[in-house]
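# no sequence for this one, just the structure:
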């Protein structure tokens, strides 16, 4: 079945460590996104990519990095520079650059110990 | 600055009654609106959308109403079922709002009481 796969679902990290969250989609979507969700807040955009080898910062990109080497993959690295990394991270994709619905993965919960 | 606002963090409704979830937005460039439903520890799933050329869109038990002059939209669920209990996010996008991004509200937790 087509969809978006995020891994791992749960991840624990010590302070000062970088961690990479995986996002893979087989929907043949051009655009991919990373959002962060915190309790009582909406989804906030971290990074997005509309095409391979190109990506842009979202509203809260500081302390994060991404790559888009393949259409299907959009990994997110949470670096040690991110001051408050404990959150629920959601990857999403969209069929084209226009308006339309986002398809979300199941999410990854990162906890910094 | 929150461009999409859901001012009610929670709502409780009896099974079989109508649930009305509200959403306000500030950016007049928004022309496409969506509702997402989210269960705990899962990704949001698309529920229903509406374009600014319409004022109503219906899909089964779910109806979205758009009032452009008031910059307000609402989601009606009739009849409400216990399985509808989830967090509902309103989202908006539009040409010129940048990033082809969806701007999300903070969500409303709906509890349908059996």
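Yes, it's here. Keep in mind it's a predicted model, so treat the numbers as computed, not measured. Numbers count the residues shown, from 1 in each chain, chains lettered A, B, ... in the order given.
# so where's chain B uncertain?
Low-confidence segments of chain B (pLDDT under 70): B:1, B:96-100.
# for chain B, what are the nearby residues on chain A?
Contact residues, chain A versus chain B (C-beta under 8 Å from any C-beta of the partner chain): A:4, A:6, A:31, A:33, A:35, A:40-45, A:48, A:50, A:56, A:58, A:88, A:90, A:92, A:94, A:97-107, A:109. Backbone N, C-alpha and C define where each C-beta goes, glycine included.
# Just the buried ones from the residues you listed, in ChimeraX syntax?
Filtering those down to the buried ones (16 or more other C-beta atoms under 10 Å in any protein chain shown) takes a single ChimeraX command:
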select /A:4,6,31,33,35,42,43,44,45,48,50,58,88,90,92,94,99,100,101,102,103,104,105,107
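# Run through who's touching the helix or strand where residue B:88 lies.
Assigned by DSSP states H and E, residue B:88 belongs to strand B:86-93. Outside of strand B:86-93, the residues within contact range by C-beta atoms under 8 Å, 6 or more residues apart in numbering or on different chains are A:42-43, A:99, B:3-4, B:6, B:21, B:23, B:25, B:27, B:30-39, B:44, B:47, B:73, B:75, B:100-105, B:107-110.
# and if we set it to 7 Å?
With contacts defined as C-beta atoms under 7 Å, 6 or more residues apart in numbering or on different chains, strand B:86-93 is touched by A:42-43, A:99, B:4, B:6, B:21, B:23, B:25, B:30, B:32-39, B:44, B:73, B:75, B:101-105, B:107-110.
# Next secondary structure after that strand?
Immediately after strand B:86-93, counting by DSSP H and E, sits strand B:103-104.
# other SSEs contacting that next one?
With contacts defined as 3 or more C-beta pairs under 7 Å, 6 or more residues apart in numbering or on different chains; DSSP states H and E, strand B:103-104 has these neighbours: strand B:86-93.
# what lines up beside the strand it packs on in the sheet?
Its sheet considered, strand B:86-93 pairs with strand B:32-38 (antiparallel), strand B:103-104 (antiparallel), strand B:108-113 (antiparallel) by DSSP bridges.
# which residues touch the residue in chain B positioned nearest to chain A?
Across chain B, the shortest distance to chain A (C-beta to the nearest C-beta) belongs to residue B:43, at 3.4 Å. Residue B:43 is in contact with A:90, A:104-107, counting by C-beta under 7 Å, 6+ apart.
# Out of the residues of chain A next to chain B, which sit inside strands?
A:4, A:6, A:31, A:33, A:35, A:43-45, A:48, A:50, A:56, A:88, A:90, A:92, A:94, A:103-104, A:109 (DSSP state E).
# measure the nearest residue to residue B:42 once chain neighbours are set aside to residue B:22 for me?
Nearest non-adjacent residue to residue B:42, counting by C-beta to C-beta, 6 or more residues apart in numbering or on different chains: residue A:106, 5.7 Å away. To residue B:22, residue A:106 is 28 Å away according to C-beta to C-beta, to the nearest Å.
# try residue B:44
Applying C-beta to C-beta, the value for residue B:44 to residue B:22 is 18 Å.
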